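Visitor: dropping the sequence and predicted coords here.
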Amino acid sequence: MAPLDDHDPLLRNKSGTARDRDPAEPVEELEIEAAIGHNVRLLRLQQGLTVAETAARIGISKAMMSKIENAQTSCSLSTLALLAKGFDVPVTSLFRGADVERPAAFVKAGTGAAIVRNGTREGHEYQLLGSLRGEHKRLECLHVTLSEKSQTYPLFQHPGTEFIYMLEGVMDYSHSRSVYRLHPGDSLQIDGEGAHGPIDLVSLPIRFLSVIAFPDSQV
């Protein structure tokens with residue numbers, strides 16, 4: 001990936017894209033641009049074309065083609081017509097997904113449902129911050145509070161990947177054959193199949209966020 005210059009409004013990483021926008025610019029326009037970019041890239045890959053080959057077929061520059069795919073520009077009607085003709089698809093197919101409401105889970109502070117997990121002990125409090133089902137997996141977000149030392153600390157195992165972010169306190173957290181001392185600001189991402197859980201509550205109270213991404217088979 002080529003380095004960005006000072007005039008490139010797009011920030012890229014392997015997870016997706018982000019771009020600066022004028023506060024007065026309608027968010028809906030960004031949704032449309034993102035949908036067009038996604039659909040154009042998908043059509044190009046389905047037809048086995050490079051960006052340069054696609055640009056030549058459609059009759060636009062390679063730079064413009066790249067900007068379209070990365071949602072860096074708003075396509076004119078004439079450009080949309082060229083894209084549809086070049087891919088041999090209806091113009092409407094380029095907007096697919098722009099009008100889809102994307103799911104989100106919002107929980108006001110203090111209103112998360114208290115839940116009981118397997119192995120819950122006195123002094124171990126779990127507050128559900130949201131559970132979101134997506135196309136490929138389910139996310140479960142927990143706010144965990146360990147307020148007093150128990151005689152036992154449960155070790156958990158579950159399918160999927162878990163992400164832990166420490167907010168307060170200090171604890172030694174075991175996963176598989178390793179032990180990690182977690183302080184506020186520390187994070188830990190683990191394979192949930194490995195036995196894991198706190199093995200020593202070093203400094204109380206302890207609060208941390210736990211986000212679990214379950215695989216397809218668990219959705």
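Guide: Sure, I can see it. Note that this is a predicted model, so its numbers are computed, not measured.
Visitor: just the strands in the protein please.
Guide: 10-13, 16-19, 113-115, 124-133, 138-146, 161-175, 178-182, 187-191, 196-214 (DSSP state E).
Visitor: lowest-confidence stretch among these?
Guide: Looking at the strands of the chain, the lowest mean pLDDT belongs to strand 10-13 (a mean of 43).
Visitor: what's the domain layout of this structure?
Guide: 10-95, 113-218 (automatic domain parsing).
Visitor: tabulate those in CSV, adding columns for mean neighbour count.
Guide: (Glycine included, C-beta is placed from N, CA and C.) As requested, the domains of the chain are exported to CSV (neighbours: other Cβ atoms under 10 Å):
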stretch, mean neighbour count
domain 10-95, 15
domain 113-218, 15
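Visitor: ends of stretch 188-205, what's the gap?
Guide: One end of stretch 188-205 to the other measures 19 Å (Cα to Cα, to the nearest Å).
Visitor: wait, isn't H175 in contact with P198?
Guide: No: contact between H175 and P198 fails when scored by Cβ atoms under 8 Å: they sit 10.7 Å apart.
Visitor: longest helix of this structure?
Guide: helix 27-46 (DSSP state H).
Visitor: with only the CA atoms kept, save that helix in PDB.
Guide: Presented in PDB, the C-alpha positions along helix 27-46 are these (Å, rounded to 0.1, in the frame of the first residue of the first chain):
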ATOM      1  CA  VAL A  27     -23.800  11.400   6.600                       C
ATOM      2  CA  GLU A  28     -26.200   9.800   4.100                       C
ATOM      3  CA  GLU A  29     -23.900  10.800   1.200                       C
ATOM      4  CA  LEU A  30     -21.000   9.000   2.800                       C
ATOM      5  CA  GLU A  31     -23.200   5.900   3.100                       C
ATOM      6  CA  ILE A  32     -24.000   6.100  -0.600                       C
ATOM      7  CA  GLU A  33     -20.300   6.600  -1.500                       C
ATOM      8  CA  ALA A  34     -19.300   3.600   0.700                       C
ATOM      9  CA  ALA A  35     -22.000   1.400  -0.900                       C
ATOM     10  CA  ILE A  36     -20.900   2.300  -4.400                       C
ATOM     11  CA  GLY A  37     -17.200   1.700  -3.500                       C
ATOM     12  CA  HIS A  38     -18.000  -1.700  -2.000                       C
ATOM     13  CA  ASN A  39     -20.100  -2.800  -5.000                       C
ATOM     14  CA  VAL A  40     -17.600  -1.600  -7.600                       C
ATOM     15  CA  ARG A  41     -14.800  -3.400  -5.900                       C
ATOM     16  CA  LEU A  42     -17.000  -6.600  -5.600                       C
ATOM     17  CA  LEU A  43     -17.900  -6.400  -9.300                       C
ATOM     18  CA  ARG A  44     -14.300  -5.900 -10.300                       C
ATOM     19  CA  LEU A  45     -13.100  -8.800  -8.300                       C
ATOM     20  CA  GLN A  46     -15.900 -11.100  -9.600                       C
END
